[in-house]
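**Student:** this is a predicted model, with the sequence first.
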Amino acid sequence: MSASTPTSPARPQGAAQPTALYGGQGTRRVTVRDIAAAKARHEKWPMLTAYDALSARVFDEAGIPVLLVGDSAAMVVYGYDSTIPVTVDDLVPLAAAVVRGAKRALVVADLPFGSYQSGVAEALASAARFMKEANVQAIKVEGGRRVLPQVEAMVAAGIPVMGHLGLTPQSVNAFGGYRVQGRGEDGEQLMADAKALEAAGAFSVVLECVPDELARRVTAALSIPTIGIGAGEGTDAQVLVWQDMAGLTPHTAKFVKKYADLYSVLGDAAREYAEEVVAGAFPTAEYSYK
Ligand SMILES: Nc1nc(=O)c2c([nH]1)NC[C@@H]1CN(c3ccc(C(=O)N[C@@H](CCC(=O)O)C(=O)O)cc3)CN21
Ligand SMILES: CC(C)C(=O)C(=O)O
Ligand SMILES: [Mg+2]
């Protein structure tokens, strides 16, 4: 598969199959410059969310080059029914755990609702907390031209910024639900937002729940990578919430492909453990000390 890729050195037996982004990079962490170079080489790459050290380690060793500490933690970690309630205080410890667990992946953290919208100073202060307390390498904010001053200020401060357009879940109350965005005339607004983010210095942009044809046009129009979720096959990269793709989340959107059935696997393990404890079948001598 990658045998013909000149930049990929031989890897130790048993090592995870690297994505193209990891080619030739030894064990150092992926950087935003690597991400930019991948677009120039027309390489597609995967991003997953992560919220704890152990899952971050699993994904890192599986060759996922970029991990996102998403504000979706509000829903999949904290049990809220939207991303609105989660705070910087909630997310910073999760982000710190992900950075400790992942040795090679670039770690990006979402700025949560209410931690950047009011202005440049608020955005810089929130981003600085993720950089100083969690040691993340990049920050993501939702929105286009309405958050441009914040994006420009963060970039000027040396903070790599990932944009996020389309279905921006922090605006769920304005959208009136989790609906596909950018159809018809709205597509041109989204295109203008994407170009503005690139001009402001964003290093990449997430396109969530938009028509595949729009995502393809935006991807062609930008020199920075697009990362799709429910945006079809035409983006440079893809992202999914890990509990969705692993089949742990009971109800998911149409764009989710389940690559495992963790809901059943984990439930079966818990049921079997419970049965054995009740029956006195666990622990046996094998699991006991003399
Ligand atoms: N676990 C999880 N996965 C996610 O992908 C995710 C979160 N949480 N939380 C934050 C947002 C919310 N997201 C969502 C939630 C629901 C739909 C959804 O049900 N969409 C409809 C589309 C309806 C239409 O056609 O307009 C669908 O049927 O897929 C989409 C994105 C994506 N994000
Ligand atoms: C799904 C991705 C793009 C996200 O913003 C999140 O997980 O919070
Ligand atoms: Mg998010």
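**Tutor:** Happy to help now that I have it. These numbers were taken from a predicted model, which means no experiment stands behind them. Ligands and ions are numbered 1, 2, ... in the order given.
**Student:** so residue 239 lies in a helix, does it not?
**Tutor:** No - under DSSP: H, G, I helix; E, B strand; the rest coil, residue 239 sits outside any helix and is assigned strand.
**Student:** the residue nearest to residue 21 when sequence neighbours are not counted: neighbour count?
**Tutor:** Excluding the flanking residues, the one nearest residue 21 by C-beta to C-beta, 6 or more residues apart in numbering is residue 65, at 4.1 Å. Any C-beta I mention is one placed from the backbone N, CA and C, and that applies to glycine too. Neighbour count of residue 65, defined by other C-beta atoms under 10 Å: 26.
**Student:** got it, and residue 67?
**Tutor:** Neighbour count of residue 67, defined by other C-beta under 10 Å: 31.
**Student:** cool, and residue 125?
**Tutor:** 12.
**Student:** for the spatially closest residue to residue 255 that is not a sequence neighbour, what are its contacts?
**Tutor:** Once flanking residues are discounted, residue 255 sits nearest to residue 230: 3.3 Å by C-beta to C-beta, 6+ apart. For residue 230, the contact set (C-beta atoms under 8 Å, 6 or more residues apart in numbering) comprises 167, 180, 208-210, 253-255.
**Student:** how close does residue 230 sit to ligand 1?
**Tutor:** Between residue 230 and ligand 1 the distance is 6 Å, computed by C-beta to the nearest ligand atom, to the nearest Å.
**Student:** just to revisit the earlier point, got a pLDDT number for the residue nearest to residue 21?
**Tutor:** We have a pLDDT of 97 for residue 65.
**Student:** quick one: it from residue 228, how far?
**Tutor:** Relative to residue 228, residue 65 is positioned 16 Å away (criterion: C-beta to C-beta, to the nearest Å).
**Student:** can you check residue 248 too?
**Tutor:** 22 Å.
**Student:** the two: who's more crowded?
**Tutor:** Neighbours per residue (other C-beta under 10 Å) separate residue 248 from residue 228, with residue 228 holding more: 27 against 20.
**Student:** put the alpha carbons of whichever strand or helix holds the more buried one into PDB.
**Tutor:** Here residue 228 is covered by strand 226-229, with elements defined by DSSP states H and E. The C-alpha coordinates for strand 226-229 follow below in PDB (Å, rounded to 0.1, in the frame of the first residue of the first chain):
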ATOM      1  CA  THR A 226     -11.300  20.900   5.000                       C
ATOM      2  CA  ILE A 227     -12.400  18.300   7.500                       C
ATOM      3  CA  GLY A 228     -15.800  16.800   6.800                       C
ATOM      4  CA  ILE A 229     -18.500  15.300   9.200                       C
END
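**Student:** residue 173 - that's part of a helix, no?
**Tutor:** Yes - with three-state DSSP as the criterion, residue 173 is part of a helix.
**Student:** leaving out chain neighbours, which residue sits closest to it?
**Tutor:** Nearest residue to residue 173, sequence neighbours excluded (C-beta to C-beta, 6+ apart): residue 84, at 7.6 Å.
**Student:** with residue 139 instead?
**Tutor:** Closest residue in space to residue 139, ignoring its immediate chain neighbours: residue 127 at 4.6 Å, by C-beta to C-beta, 6+ apart.
**Student:** pLDDT at the one you found, what is it?
**Tutor:** For residue 127, the model assigns a pLDDT of 99.
**Student:** what does the helix or strand where it lies contact?
**Tutor:** Assigned by DSSP H and E, residue 127 belongs to helix 120-129. Helix 120-129 is contacted by residues 88, 92, 111, 115-116, 139, 141, 147, 149-150, 153-154, 157, 159 when judged by C-beta under 8 Å, 6+ apart.
**Student:** enumerate every residue touching residue 182.
**Tutor:** For residue 182, the contact set (C-beta under 8 Å, 6+ apart) comprises 165-166, 189-190, 210-211, 214.
**Student:** what pLDDT does it get?
**Tutor:** The predicted local confidence for residue 182 is 98.
**Student:** so does stretch 163-180 get close to ligand 3?
**Tutor:** No - Stretch 163-180 is not in contact with ligand 3 by C-beta under 5 Å from the ion; minimum separation 6.0 Å.
**Student:** mind checking the end-to-end distance for that stretch?
**Tutor:** One end of stretch 163-180 sits 18 Å from the other (C-alpha to C-alpha, to the nearest Å).
**Student:** is ligand 1 contacted by that stretch?
**Tutor:** Yes - contact of stretch 163-180 with ligand 1 (C-beta under 6 Å from any ligand atom) involves 167, 169, 178-180.
**Student:** mind putting those residues in TSV, distance to residue 270 and secondary structure included?
**Tutor:** Shown next, in TSV, are the residues of stretch 163-180 next to ligand 1 (distance: C-beta to C-beta, whole Å; DSSP: H, G, I helix; E, B strand; the rest coil):
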residue	distance to residue 270	secondary structure
167	33	coil
169	30	helix
178	30	coil
179	35	coil
180	36	coil
